Every structure is written in structure tokens, then in C-alpha cells.
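Engineer: predicted model follows, preceded by the sequence.
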Amino acid sequence: MRHIISLLMENEAGALSRVAGLFSARGYNIESLTVAPTEDSSLSRMTIVTSGSDEIIEQIIKQLNKLIDVVKVLDLNDGKHIERELMLVKVKASHQYREEMKRISDIFRGRIIDVSDNTFTIEITGSSTKLDAYLDSLDKSAIVETVRTGASGIGRGDRILKI
Amino acid sequence: MSAKKFTGAEIVIHSLHKENTEFVFGYPGGAVLNIYDAIFQLKKFKHVLVRHEQAAVHAADAYSRSTGKVGVALVTSGPGATNAVTGIATAHMDSIPMVIISGQVPTHAIGQDAFQECDTVGITRPCVKHNFLVKKIEDIAPTIKKAFHIARSGRPGPVVVDIPKDITAEESVFEYPSEIELRSYHPVEKGHQGQITKALELLISSKKPMVYTGGGVVLGDASEELTKLIKKLGFPVTSTLMGLGGFPANEEQFLGMLGMHGTYEANMAMQECDVLIAIGSRFDDRVIGNPDHFLSKPRKIIHIDIDPASISKRVKIDVPIVGNVKSVLEDMNEIYSTLEKNHDKKIQSDWMKTIDEWKAKKSLSYKNSDEVIKPQYVVEELHKVTNGDAFITSDVGQHQMWAAQYYPFNKPRRWLNSGGLGTMGVGLPYAMGAQLAHPEAQVACITGEASIQMCIQELSTCKQFHLPVKIINLNNRYMGMVRQWQEFFYGNRYAESYMDALPDFVKLAESYGHIGLQIEKPSEVTDALKEAFSKKNKERLVFLDFLTDQTENVYPMVPNGKGLSQMILSEDL
């Protein structure tokens, strides 16, 4: 099953590679991994999307907790949470397709952020499945380039990951 | 008046001194020259010059294994650090507390492919508990403080501190922090009282209880608490290779080692028990064999471990207890005294009878010979000659298993070997570390002619530092364990497992200034051992080269992928 794991870690050189190294050394999946500093500049927050059986997810959480640089770990799937990912897509938008591209992007609440004679660049946010659905709705040959940030997640209401 | 300034190198030495470092095992080189100069001038501890960095780390590791203190090694950048990696990984797999200081090229040269540069922090990351690259002189003392704290607390392990050369030459004030706070690191000490009570109730009410202990008992100095509890409970107990000595082997309740080369009774009892308590052990592949086969018998499992990640890693645990083994066992002893009145030992008497029947099989029997030296016999005689009280190190292979099987340990920290990583070559450096830590003790390295050659250069270190270790070379002219697997599973095709072009070990020992003896006849075994351990040779390293039976195998054996109860037993039974 797919899990979104959020963690706070020391904002230090090498911390990211400890986490990435753990996943490769133990053969765990990484679907996506995103990391950036938090409002407390000594901490970074990382979101890892992974998948595995309950036993494997339990091991992943324990192994992450074992890393000295990791301050706190939360499996967002243990409770209600919100997931968002940002994607930028460059699509073919030559004359006869321009309207169609605009319409599809509107349906998914995308924003056109760059226009050229032959292309649109569309910014779209949502859950990873929504982004997948948007891509599925396009003709494959119309997609010129995509870039995705990987999922970020946050607990709903009182579920807070903070030290 | 301004505070006294120290160089970074001096700060390193003073910091190690503050941690009560007695010995530093190391090898100099460009990036650590400043540190070596400070060692020379400050004389705060004894430096042991090895002949290869791998041996420095192994010897520091053995110092730690045999004393419980943190071992310290010092190596230079680049090849110094890469040579140390095998030693670091060995210590990591067996959770040995160590601090390894490595030199690094100057900060401005990092990333420039400088002479003797390597990414030490990157290379060692997967095989350390933690590592640091020190970037400024003010960080040296707090980083060393953190390194020792991390190495020795929680589940212990090696910590690497990589120090660029330029900051060892800079100057700064020195203040060693008395306390260090790591907000992300708080190992659990005390076990959950409710879980402990639950575990005891489960054990008391079981019909077929079994105790399985591991290296955690030794590392956690919990032997006394364990022995007290098990004697009160009256349950059978087995130990992993790493746990030997944690429970006295001469006690009736001890069934010997379990696992791939465990005794028949230990493995059968593991398989057939209805409640199993694992104490400081981790259900690894050499211990429980095929996990599916192991789990095919229903049983409740209790697991005490300081590392939460060890629990339910390979086998699902019913009653997990996270905590320091010593503290948890203390609590168990206390809580048991309140539950003892409910413990009707009669319900376990049938189980004890069954175990006695398994014991009667005498699975470690072997047929001795007048013609050719049996390796098991050498180990048994060594046990007699040393009154079972020596520090025994081993390398990896058949001789390691025979040492574990035929040299019973009644005390912890007497048995030093590479259990997790299985590193050939540790035996001699381990003996050096143990002998330095215990100068008056008898130290023997049980090895084979293949393993001993992997760190043979350390005979020179032994000469320089007057280390009178006794080398028991079980020389069967084969990589014995490889040969055994080839015999059992590869149709007797002995691919590259024959040791050709062996040196004359007697002359080799002599050329390093030691005593060498070759023993060919079984009748000469005991006298040779007595000679080696005689008063006359108390100060000398003696290399005993026993020419042993080439075809002898280690029994019992659980073949790879098989279950614990599917042992191959010796034909001599």
C-alpha cells in the first residue's frame, strides 16, 4: 500500500543522503521524495512517498527513526491528511489544439503560465492521482515535457508534525 | 589575559583523553601528521602502531568487545580510511562501540580530487552508527563528545569523525563539553512494566518455554541479571554465536549454541517450544534458518531489544519489550518474585524430559583419531590447558564454529569473533586488542591457514608491543567451510578452496621474532599447547601450526534454506 511519510530532520549536509541511502541499502521503494527547510532553519521537512506491506512500512518508520539526524517521523496514512503535488507540463498547442488544451487545463484547474506559438506551459496542483488523471486525459503525443515536485503532505486539523 | 590556545590536533588528543582513552590503534599518514605530532608531544595515551589500518580498527574493536569500553582507531585520509572500512563494517554488524578518527585533506582541497582524498563520510555512511565531517576547529571537541556518546549509548556502534588537516593546525581555546544534547537521539533505557509482566505471565504459564539470548546480553553487561532470572525460572537456554558467555556454559540449563551449527537440543527446542523469549538477539538467517519453516510451528514470541528496529524485523513478535537488556532483566527479576508463587514448574516437566532426550543424542560427539589431528580435539585440549578461562578470538570458517562449540564460555566478553559480517582476518588483531586490554590474561587466537594470512602482517605489531598471544592454527590446507559447502552442495567440486603454496608458518613466525611449532600427531597436541602456555613462554607469541584432518566437517549443520529441525548430523553419532 502507498504511504506518505513526513519527517523532520537536521538541516545538515549529508542528512538527505542518509535517508536516501537507507532506502537503497534496504531495498525499500521510493515513489517520490521532496525536501526543503522549514520555518525553523535548523530543520528540514521531507516527504517520502513509498509503498510496501504493513511490516515493511513499520520497518521503514523504525529505520528512519534510528537515523541520528532524523528528529521526528510521521506516517500521514495513520490519520486524515492532505496531499498536494505541483506539476508543470509543456504541451503542444498549435493553432487547432489551443482551445482544447485550454479547456482540459481549466477542467483540472490548471493555469497557463507560459505561452509560445506552439506550446502552453501549464501549472497544476493536486493529489498525485489528480495529476496522473490530467496526464491521462491528454493525447500522449501532445505532451512535450513534464516536471513534478513529488507529493507534499500535511495532517488535517490537530495532527501536527513539529518538535 | 586571554585563554590558552590549542591546535586542532591538540584538541583531538585532549578530547580523547577526556574520554579516558587508554589506547589508540592507528597508522600515520599525511592528513593526520599534525595529530600524530600532538600524540608524540602530549603523551596522553598509548598509541599502538599496526601494520595495516584494517587491523587498527579490528584491534580497537576487540579492546571494546573485551572491556565494554569504547575502542579508538586513528587513520589517515584516502587509503587509510578505505582500509579501515572492513573493520568499521565488522564492528557495525556486531554493534561494537567505537570511535574512528580519520584524517581528511584540507577543507579547501575537499572535492578537488586531491592526493589521498576520498569521501570518507560517504563511503562509511552505510556501515556506521553515525559519522561526522568536522568543518571548523570549534566543532572538534563537541563532535568527539557526541561521537563517544552515540557510540556507547543505545544500541552501540562505530562512529567516524573525519577531520580535515588544516583545522588540526589552526588554534582555538579548548573546552570539553560536560554534557551534550542531541534532540533527535534519545535511546530508550527502561522497558515497559506492563509488557514485562505480560511476558513473565506468558512464560510461567507455558508448557514448553525456551530462552534464546544474543550479543545484546554481552554488550549490555546483563549476564548476571540473565543468569539470576533463568536459574529462578529453571528454563532451558540457548545462545547465538555472539551471545556465548552471556549465560555460563557449565550450567545444566544451557543447551549450547543454536543455529546453522547449533546443537541438536538447542535447535529442536527452538523449533518445538510454545513460548520463546529472545533477549538481545535478532533472529538472523544463520540463527533461525528458513523463517517460513521456523514460523510453521505456532508459538508466542517475546523479544527484548534496545533497538526497536530489531523487533518484528524478520519474525513477528507477540510481546515486544524495547529497552536496555540489563534494566529489563532487573525488572523481570523483581516482578518474577511477586509472580513466583503462581509458577507451577510441574507443567514444564515433560518438556524438560524431552530436552534431556535430545541432549542424549550428544550431537557434538566426534570420533577422535590416533593418526590425524582432529580440530575439535585441539579446541577441547586448549580449553583444558587454559582452564576454560582464556580470551579466545577466532577468524571465520570451520575453526570459528569448532571454537564456539568446543570451548565453553562461562563468562561474557571472553569470546571475540566477527559474527555478523563474518570477516576473515579479525582473529590476530582481535587477539592484540584483547591482550593489550588484559595484559595478564591468556589470549588465544583460534584460526585457520586461510584466515590467518589475511592479517598476518600483524605478527610484526605483536613483536613491537610484546603481545604474547598464542595462535592456534587449525591448518587443514583448505578454506574449510568453503570446502564443506562444496562437498555438501556442489558435488565435491572444490573450486579454488585449496590453499596452495602455503608458507612455512614456523619459519614465518620465527622471522617475525616469535616462536613457531608445527604439530602433526594427535599425541603431541596437549604438550604443544602446554608448551605455548608455559611460564617460560609467558612473554612470547607462540604460533602453533596444527596439521589437522582435511576432511573434517562441522556438525550439526542446518543447510541454507532449511529449517532448524532439519539438521545434518555427524555420521560419527
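Structural biologist: Sure, I can see it. The structure displayed is predicted, hence computed values, not measured ones.

Engineer: sheet partners, orientation included, of the lengthiest strand in chain A?
Structural biologist: Longest strand in chain A by number of residues, with DSSP state E as the criterion: strand A:81-92. Counting by DSSP bridges, the strands paired with strand A:81-92 are strand A:119-126 (antiparallel), strand A:143-148 (antiparallel), strand A:152-155 (antiparallel).

Engineer: pLDDT on the second one, on average?
Structural biologist: In this case it means strand A:143-148. Here strand A:143-148 scores 97 as its mean pLDDT.

Engineer: I figured residue B:436 hits residue B:63, correct?
Structural biologist: Yes - with contact defined as Cβ atoms under 8 Å, residue B:436 counts as touching residue B:63 (6.5 Å). To be clear about C-beta, it is placed using only N, CA and C from the backbone, and glycine gets the same treatment.

Engineer: quick check: domain ranges of chain A?
Structural biologist: A:2-78, A:82-154 (the TED database).

Engineer: point out the most buried one among those.
Structural biologist: domain A:2-78 (a mean of 17; mean count of other Cβ atoms under 10 Å in any protein chain shown).

Engineer: starting at the chain centroid, how far to that domain?
Structural biologist: Put simply, domain A:2-78 sits 13 Å off its chain's centre (Cα atoms, centre = their mean, to the nearest Å).

Engineer: quote the end-to-end distance of that domain.
Structural biologist: Distance between the two ends of domain A:2-78: 12 Å, counting by Cα to Cα, to the nearest Å.

Engineer: right, is that domain up against chain B?
Structural biologist: Yes - with Cβ under 8 Å from any Cβ of the partner chain as the criterion, chain B is reached by domain A:2-78 at A:9-10, A:13-14, A:17-18, A:21, A:25, A:55, A:58-59, A:62-63, A:65-66, A:68-72.

Engineer: inside strands: which ones of these?
Structural biologist: Per DSSP E, the residues of domain A:2-78 next to chain B map to strands at A:9-10, A:70-72.

Engineer: taking the residues you listed, tell me the two that lie furthest apart.
Structural biologist: By the measure Cβ to Cβ, A:10 and A:72 form the most distant pair in these, at 11.1 Å.

Engineer: overlap in contacts, those two.
Structural biologist: Contact criterion Cβ atoms under 8 Å, 6 or more residues apart in numbering or on different chains; residues shared by residue A:10 and residue A:72: residue B:184.

Engineer: now the closest residue in space to residue B:50 that isn't next to it in sequence: phi and psi?
Structural biologist: Nearest non-adjacent residue to residue B:50, counting by Cβ to Cβ, 6 or more residues apart in numbering or on different chains: residue B:56, 4.4 Å away. Main-chain dihedrals, residue B:56, degrees, to the nearest 10: phi -60, psi -50.

Engineer: any idea how far residue B:98 is from residue B:56?
Structural biologist: 11 Å (Cβ to Cβ, to the nearest Å).

Engineer: anything in contact with each of those two?
Structural biologist: Common neighbours of residue B:56 and residue B:98 (Cβ under 8 Å, 6+ apart) are residue B:73.

Engineer: quick check: residues of chain B near chain A?
Structural biologist: Checking chain B against chain A by Cβ under 8 Å from any Cβ, the hits are B:121-122, B:125-126, B:129-130, B:133, B:150, B:182-185, B:307-309, B:312-313, B:316.

Engineer: quick one: neighbours of residue B:295, just the number.
Structural biologist: 15 (other Cβ atoms under 10 Å in any protein chain shown).

Engineer: can you pull the contacts of it?
Structural biologist: Taking Cβ under 8 Å, 6+ apart as the test, what residue B:295 contacts is B:315-316.

Engineer: try 6 Å this time
Structural biologist: Residue B:295 is in contact with no residue at all, counting by Cβ atoms under 6 Å, 6 or more residues apart in numbering or on different chains.

Engineer: and residue B:392, what helix or strand is that in?
Structural biologist: Using DSSP states H and E, residue B:392 falls within strand B:391-394.

Engineer: now do the closest residue to residue B:265 other than its chain neighbours, the pLDDT please.
Structural biologist: Using Cβ to Cβ, 6+ apart and skipping residues adjacent in sequence, the residue nearest residue B:265 is residue B:358, 3.9 Å away. We have a pLDDT of 98 for residue B:358.

Engineer: what's the answer for residue B:466, then?
Structural biologist: 98.

Engineer: residue ranges in chain A under the pLDDT threshold?
Structural biologist: For chain A, no stretch has pLDDT under 70.

Engineer: show me where it has its helices.
Structural biologist: Using DSSP state H, the helices of chain A run over A:15-25, A:54-66, A:98-107, A:128-137.

Engineer: contacts for the second one?
Structural biologist: What it means is helix A:54-66. By Cβ under 6 Å, 6+ apart, the list of residues contacting helix A:54-66 reads A:3, A:22, A:28, A:70, A:73, A:75, B:308-309.

Engineer: pull the most distant pair out of the residues you listed.
Structural biologist: A:3 and B:308 (18.1 Å).

Engineer: ranges for the strands of the stretch 451-573 of chain B?
Structural biologist: B:470-475, B:515-519, B:542-547 (DSSP state E, counting those that start in this stretch).

Engineer: now the helices for the stretch 1-150 of chain B?
Structural biologist: Here the stretch 1-150 of chain B has its helices, by DSSP state H, counting those that start in this stretch, at B:8-18, B:33-42, B:53-67, B:79-93, B:120-124, B:140-152.

Engineer: check the offset of the helix or strand that the last one is followed by from the chain's centre.
Structural biologist: Right, helix B:140-152. Where DSSP H and E defines the elements, the next helix or strand beyond helix B:140-152 is strand B:158-164. Relative to its parent chain, strand B:158-164 has a centroid offset of 22 Å by Cα atoms, centre = their mean.

Engineer: residues contacting strand B:158-164, please?
Structural biologist: Contacts for strand B:158-164 (Cβ under 6 Å, 6+ apart): B:88, B:91-92, B:98-102, B:104, B:106-107, B:120-121, B:124, B:128-134, B:143, B:147, B:150-151.

Engineer: export the helices of the stretch 1-150 of chain B to CSV and append columns for mean neighbour count and distance to residue B:335.
Structural biologist: Output for the helices of the stretch 1-150 of chain B, formatted as CSV (neighbours: other Cβ atoms under 10 Å in any protein chain shown; distance: least, Cβ to Cβ, whole Å):
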stretch, mean neighbour count, distance to residue B:335
helix B:8-18, 23, 39
helix B:33-42, 18, 50
helix B:53-67, 30, 31
helix B:79-93, 24, 33
helix B:120-124, 21, 42
helix B:140-152, 23, 28
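
Engineer: how about TSV for those helices, with mean pLDDT added?
Structural biologist: Shown next, in TSV, are these (pLDDT from 0 to 100):
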stretch	mean pLDDT
helix B:8-18	98
helix B:33-42	98
helix B:53-67	98
helix B:79-93	98
helix B:120-124	98
helix B:140-152	98
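
Engineer: out of the ones you listed, nearest to residue B:211?
Structural biologist: helix B:53-67 (22.8 Å).
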